[in-house]
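**Student:** I'll drop the sequence and a predicted model, then ask my questions.
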Amino acid sequence: MSDDRDHTIATATVASEETPYGVRTNTGGHALRGDEPADHGGADTGPAPFGLLLSGLGACTAITLRMYAEHQSWPLAGVDVELTYVVKDRNTRWIDRLITVHGVDDDQRAKLAEIAEKTPVTRAVRAGTEIRTTTGAA
């Protein structure tokens, strides 16, 4: 693992379960599950990995927009984010993100759309963050 612990933003541990693809995840003291759908050999006991990825992106989007609106003292009443991971072929894939904001005017909505493009998880996904992998024996 990296020696840059001073700059750690988040951590997660994932352990496999007895079901073919089920996993237990712990991040920040919160327990989550992951699995593959039944049509992919899993038991569908939790979201698939891409569903978890989209959940992180959606959560970051909604939270960041809420924080920005609060900082601006805007009357944002809510944020809904719908995400879809689309794979057209081996080399063509993208994420569709629909953001619905409640309680703000057109100018505020336009600014929130700009901010959505700069959220931390949006930037990490777009940048293709480096992954440094090591392996160990139990």
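**Tutor:** In hand now; what should we look at?

**Student:** for P120, see how far away Q108 is.
**Tutor:** From Q108 over to P120 the distance is 21 Å, taken as CB to CB, to the nearest Å. Just so you know, the C-beta spots here come from the backbone N, C-alpha and C atoms, and that holds for glycine as well.

**Student:** more crowded one of those two?
**Tutor:** Q108 (17 against 12; other CB atoms under 10 Å).

**Student:** so the more buried one is in which element?
**Tutor:** helix 106-116 (DSSP states H and E).

**Student:** list the buried residues for that helix?
**Tutor:** Q108, R109, K111, L112, I115, A116 (16 or more other CB atoms under 10 Å).

**Student:** again, but for stretch 34-44
**Tutor:** G34, D35, E36, G42.

**Student:** what's the distance between D106 and D80?
**Tutor:** 18 Å.

**Student:** related to what we said a few turns ago, what is the helix holding Q108 packed up against?
**Tutor:** helix 49-72, strand 92-102 (3 or more CB pairs under 8 Å, 6 or more residues apart in numbering; DSSP states H and E).

**Student:** switch to 10 Å and redo it
**Tutor:** Applying 3 or more CB pairs under 10 Å, 6 or more residues apart in numbering; DSSP states H and E, we find helix 106-116 packed against helix 49-72, strand 78-89, strand 92-102.
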